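[1] Next one to model:
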Amino acid sequence: MEWIVLGFAVLVIFYLIAIYNKLVTLRNRFENAFSQIDVQLNRRYDLIPNLVETAKGYLKHERETLEAVIAARSQAVSASKSAASNPSDAASIQALMGAETALTGAMGRLFAVMESYPDLKANESMNRVMEELTTTENKIAFARQSFNDSVMFYNTYREQFPNNLVANNFSFKEAQLFEMEDQEARKPVKVSFN
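    Alright, predicted model coming up:
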């Protein structure tokens, strides 16, 4: 009888270890998925100064719009660094979502202003930057989808019984999805000059 109880206890311990290891694997998977978003966001942040610099010569009377883009980019870069250092921190992800929403809004206003400058629309440098930005925006969308899928799988596994007992006892916190805050920001940034 003692062997049966001992055998059962060993099986339970191994089962709990397997749950713990699976939680670690899933957490690492969504953190890696976030790093893919981070790569694309940094690419986007690097393109924005080129866009602003090219537009400056044409948009001399639109200084406020250009400054809003630069300020929103700076805020997004800061939020991105914070989120990249700990993708498990829901507050950091939420701050990044807010900063990205503000940046998307500022970029949208810039593109709307740029539409009224035909010489800018015909500028070859501007067209190259816009093409790179469009490609980067698409990559961000795919990376965000992959991250959200990984987070959803992790959160679901974490909430299932008896996994939730292990998760709660070993501080596996719920992960935050990366979603845009408002409906307008969910739409991809239109960067075409056609």
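[2] alpha carbons only for contacts and neighbour counts from here, please
    Will do.
[3] Which helix runs longest in the protein?
    helix 2-56 (DSSP state H).
[4] give the contact list for the residue nearest the centre of the chain.
    By C-alpha atoms, centre = their mean, the mean C-alpha position of the chain lies nearest to residue 37, the distance being 5.0 Å. By C-alpha atoms under 8 Å, 6 or more residues apart in numbering, the contact list for residue 37 reads 140, 143-144, 147.
[5] Where in the chain is the helix or strand with the lowest mean pLDDT?
    In the chain, no helix or strand scores lower on mean pLDDT, DSSP states H and E than helix 183-186, which sits at a mean of 48.
[6] In this structure, where is pLDDT below threshold?
    Low-confidence segments of the chain (pLDDT under 70): 181-194.
[7] Tell me how far the residue at the greatest distance from the centre of it lies from residue 15.
    Centroid-distance maximum for the chain: residue 1 at 54.7 Å, with C-alpha atoms, centre = their mean. Applying C-alpha to C-alpha, to the nearest Å, the value for residue 1 to residue 15 is 21 Å.
[8] can you check residue 80 too?
    Note on residue 80: its distance to residue 15, by C-alpha to C-alpha, is 37 Å.
[9] who's more crowded, those two?
    residue 80 (23 against 14; other C-alpha atoms under 10 Å).
[10] burial of the closest residue to that one other than its chain neighbours, as a residue count?
    Excluding its sequence neighbours, the residue lying closest to residue 80 (C-alpha to C-alpha, 6 or more residues apart in numbering) is residue 96, at 5.8 Å. The local packing of residue 96 (other C-alpha under 10 Å) involves 25 other residues.
[11] Then residue 17?
    Going by other C-alpha under 10 Å, the residues that sit close to residue 17 add up to 13.
[12] swap in residue 38?
    The number of residues packed around residue 38, counting by other C-alpha under 10 Å, is 20.
[13] Thought residue 84 was touching it, still the case?
    Yes - counting by C-alpha atoms under 8 Å, residue 38 sits close enough to residue 84 to count as a contact (6.7 Å).
[14] re the thing from before, tell me which residues touch the residue nearest to residue 80, please.
    So residue 96 contacts 76, 79-80, 83 (C-alpha under 8 Å, 6+ apart).
[15] how close does it get to residue 39?
    Relative to residue 39, residue 96 is positioned 14 Å away (C-alpha to C-alpha).
[16] again with residue 152
    21 Å.
[17] swap in residue 129?
    Relative to residue 39, and taking C-alpha to C-alpha, residue 129 is found at 17 Å.
[18] now residue 60
    Distance from residue 60 to residue 39, by C-alpha to C-alpha: 32 Å.
[19] the more surrounded of those two?
    The neighbour count for residue 60 versus residue 39, taken as other C-alpha under 10 Å, is higher for residue 39 (16 against 10).
[20] I'd say residue 34 and residue 84 touch.
    Yes - using C-alpha under 8 Å, residue 34 is in contact with residue 84, at 7.3 Å.
[21] ok, those two, which is more surrounded?
    residue 34 (25 against 21).
[22] Need the nearest residue in space to the more buried one, chain neighbours excluded.
    Leaving out its chain neighbours, the residue that sits closest to residue 34 by C-alpha to C-alpha, 6+ apart is residue 147, at 5.7 Å.
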